[in-house]
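**Q** Kindly return the folded structure for what I paste below:
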Amino acid sequence: SSPPRSSTSSYAGAAALAGISLTAGYALGKSSGNHDHPQQERVLPSGLPRTCCDEETTLTDAQQQLPAQLSKIVGSPNVMDGKKVDSVTTQFLKGARMGQGSALCIVTPNSLQECVHCVQA
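**A** Numbers count the residues shown, from 1 in each chain. Predicted coordinates for the structure are as follows:
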């Protein structure tokens with residue numbers, strides 16, 4: 001009978017097998033020649049905005065009335081103008097690492113019930 005293997009040698013063998021597997025997978029992926037992917041060649045038609053919010057849009061009557069409705073639900077101090085960028089609204093309009101957006105208004109409800117009413121408005 002052979003002597004038992006130490007746990008150190010079995011960990012080293014597993015690590016070597018994992019390294020070989022990762023290297024082989026990487027090499028196969030690089031050599032597959034999938035460089036002609038159609039997504040990489042897509043181009044936006046000229047003259048169109050890059051996103052939905054690049055240009056100023058006309059608000060509907062319902063959209064214009066929404067901030068007032070939300071103020072009735074949560075109170076005026078809890079509804080901020082999303083078009084106004086300052087130190088208070090920036091935390092809601094900008095991502096932690098990247099990205100930036102726009103909003104009609106920013107609402108900070110005080111309870112779950114207020115949140116439900118805001119979503120229903």
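**Q** what's the burial count for residue 26?
**A** Neighbour count of residue 26, defined by other C-beta atoms under 10 Å: 10. The way it works is simple: take the backbone N, C-alpha and C, and place the C-beta from them, glycine included.
**Q** let me fix that: residue 85
**A** Neighbours of residue 85 using other C-beta under 10 Å come to 13.
**Q** show me what contacts the nearest residue to it once chain neighbours are set aside?
**A** Distance criterion C-beta to C-beta, 6 or more residues apart in numbering; nearest residue to residue 85, sequence neighbours excluded, is residue 93 at 6.6 Å. With contact set as C-beta atoms under 8 Å, 6 or more residues apart in numbering, residue 93 has these partners: 82, 85, 100, 101, 102, 103, 106.
**Q** Kindly list the main-chain dihedrals of residue 93?
**A** Dihedral pair for residue 93: phi -100, psi -10, per degrees, to the nearest 10.
**Q** Any stretches of this structure with poor pLDDT?
**A** Applying pLDDT under 70 to the chain flags the ranges 1-8, 32-57.
**Q** ok, residue 11 - how many residues close by?
**A** Neighbour number of residue 11 under other C-beta under 10 Å is 10.
**Q** and it, what element?
**A** Following DSSP states H and E, one finds residue 11 within helix 7-31.
**Q** Quick check: buried residues in that helix?
**A** By neighbour count with 16 or more other C-beta atoms under 10 Å, helix 7-31 contains no buried residues.
**Q** So what touches it?
**A** Taking C-beta under 8 Å, 6+ apart as the rule, helix 7-31 contacts no other residue.
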